[in-house]
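S.K.: Only the shape, not the letters, is given here:
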């Protein structure tokens, strides 16, 4: 008799190791959890088995991926057979009914009609289950340790495909599985509604509130190159000046003197909307420009776009904030919706030497997967204020809303 120890991050994995190496004819002496799993580290389970050395038979190693595929395909096959059988029974009943009518026999009695309706409902429910099982196949090579019930597999697949952080998604799924009432798990629509409600509560939104005299609002827009800061400012200027419940006085300042085209573009917009605009090079000019526009309700400040790794340019922006002003300067970090989650985190981290107040996302019209935005909002806990959804000025700008964001996460298959 010999004792042998097997360990793995989960009990199931440890037990699979035992079966792969020794088969099913082993005696488990003890099993225990050595270390609990956390968000940052794996757990550890240990199984001790007793074996007779002469009886150890090598087994062909089957990977966990292969086992998962076989299990899923078996479920798919069984479900498909059941659907086929029920469909045939339904068709037979229907054919008999038609036949009886043709020879003058009374149609199906009400009780049999109800049976057919019940049968059709069962078929629909099985078809729904089949869809859940099909959704698990996409992730069969995933090394994730989350034990996911089949009914949640479709919502999990959609969320992960949207670009949401795996860390966030797994934790949200654990909470959903733990607290979602069992009666809501019967079909994909109730699961979707529950998940939608849960995610909606997690999205911080900055609600737009119009200012009233004598209050003033100064908004500086910062971010990497190419995200559309200048166009966004033009849209906001038109919104504040012409589209809210009352017209507001709006002034514009541009610090982006590096790009002649950007200055000309903003000046063209300002001229079309008959708004004052000032061009600034250094902090001393900035103070003077602010004072010249202090009669305006809103002052919007365009800045030079820079790589998040260009610390010198970001530090220069910070120097403008040291100037004495008659109102607080709100920093709006402008980001592109087509940027990967990891890159969004990197951009935010490097720009966060500035006191970021809100986030603005552009180019939502260029993608339909918004999971990366959701995960960044969850990470930073910073509210999002506006979405830019196209190139048209001023129409393609909207107040940020959780429902719009969640459409890009959950609505791919839910029409």
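M.R.: Thanks, I have it. Everything numeric here is computed off the predicted structure, so don't read it as measured data.

S.K.: Go ahead and confirm residue 32 touches residue 44.
M.R.: No. Contact criterion Cβ atoms under 8 Å: residue 32 and residue 44 do not qualify, at 9.8 Å. C-beta here means a position set from N, CA and C on the backbone, and glycine is covered the same way.

S.K.: more neighbours, these two?
M.R.: residue 44 (16 against 10; other Cβ atoms under 10 Å).

S.K.: what's the spacing between the more buried one and residue 5?
M.R.: Distance from residue 44 to residue 5, counting by Cβ to Cβ, to the nearest Å: 12 Å.

S.K.: now do residue 338
M.R.: To residue 5, residue 338 is 49 Å away according to Cβ to Cβ.

S.K.: Residue 336 reaches residue 365, doesn't it?
M.R.: No. Using Cβ under 8 Å, residue 336 is not in contact with residue 365; the gap is 11.3 Å.

S.K.: Secondary structure element for residue 368, which one?
M.R.: Residue 368 belongs to no helix or strand when elements are defined using DSSP states H and E.

S.K.: oh sorry, the question was meant for residue 7
M.R.: Assigned by DSSP H and E, residue 7 belongs to strand 2-8.

S.K.: Partner strands of that strand, with direction?
M.R.: Strand 2-8 pairs in its sheet with strand 44-51 (antiparallel), by DSSP bridges.

S.K.: Lowest average confidence across helices and strands of the chain, where is it?
M.R.: Every helix and strand of the chain was ranked by mean pLDDT, DSSP states H and E. The lowest is helix 64-102, at a mean of 50.

S.K.: Show me what counts as buried in the strand holding residue 7.
M.R.: Across strand 2-8, burial judged by 16 or more other Cβ atoms under 10 Å covers 6, 8.

S.K.: quick one: contacts of that strand?
M.R.: Residues outside strand 2-8 that contact it (Cβ atoms under 8 Å, 6 or more residues apart in numbering) are 14-18, 21-22, 29, 34, 44-53.

S.K.: Distance from the chain centre to that strand, please.
M.R.: Offset of strand 2-8 from its chain centre (Cα atoms, centre = their mean, to the nearest Å): 41 Å.

S.K.: ok, now stretch 190-210?
M.R.: Computed by Cα atoms, centre = their mean, the chain-centroid distance of stretch 190-210 equals 12 Å.

S.K.: Would you work out how far apart the start and end of that stretch are?
M.R.: Start-to-end span of stretch 190-210 (Cα to Cα, to the nearest Å) is 37 Å.

S.K.: How about it, which residues are buried there?
M.R.: Neighbour counts using 16+ other Cβ under 10 Å place 191-192, 194-196, 199, 203, 205-206 of stretch 190-210 among the buried residues.

S.K.: need those residues in CSV with pLDDT, distance to residue 370 and secondary structure, can you?
M.R.: Output for those, formatted as CSV (pLDDT from 0 to 100; distance: Cβ to Cβ, whole Å; DSSP: H, G, I helix; E, B strand; the rest coil):
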residue, pLDDT, distance to residue 370, secondary structure
191, 84, 19, helix
192, 83, 16, helix
194, 86, 19, helix
195, 86, 15, helix
196, 87, 13, helix
199, 90, 11, helix
203, 93, 10, coil
205, 95, 14, strand
206, 94, 17, coil
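
S.K.: Determine which two of those are furthest apart.
M.R.: By the measure Cβ to Cβ, 191 and 206 form the most distant pair in these, at 29.7 Å.

S.K.: neighbour count winner among residue 336 and residue 365?
M.R.: Of the pair residue 336 and residue 365, residue 336 is the one with more neighbours under other Cβ under 10 Å, namely 20 against 14.

S.K.: Which of the helices or strands spans the spatially closest residue to residue 159 that is not a sequence neighbour?
M.R.: Closest residue in space to residue 159, ignoring its immediate chain neighbours: residue 169 at 5.3 Å, by Cβ to Cβ, 6 or more residues apart in numbering. Using DSSP H and E, the element containing residue 169 is helix 166-179.

S.K.: Can you pull up the most central residue in this structure?
M.R.: Geometric centre of the chain, nearest residue: residue 371, 2.3 Å, by Cα atoms, centre = their mean.

S.K.: Next, the contact list for that residue, please.
M.R.: Counting by Cβ under 8 Å, 6+ apart, residue 371 makes contact with 159-165, 169, 341, 408-409.

S.K.: For residue 387, name its beta-bridge partners.
M.R.: On the basis of DSSP bridges, residue 387 is bridged to residue 361, residue 398.

S.K.: And it, how far from residue 158?
M.R.: Using Cβ to Cβ, residue 387 is found at 20 Å from residue 158.

S.K.: Please report how far residue 392 lies from residue 194.
M.R.: Distance, residue 392 to residue 194, using Cβ to Cβ: 36 Å.

S.K.: Spell out, range by range, the strands that occur in the stretch 301-415 of the chain.
M.R.: 329-336, 356-362, 384-388, 397-399 (DSSP state E, counting those that start in this stretch).
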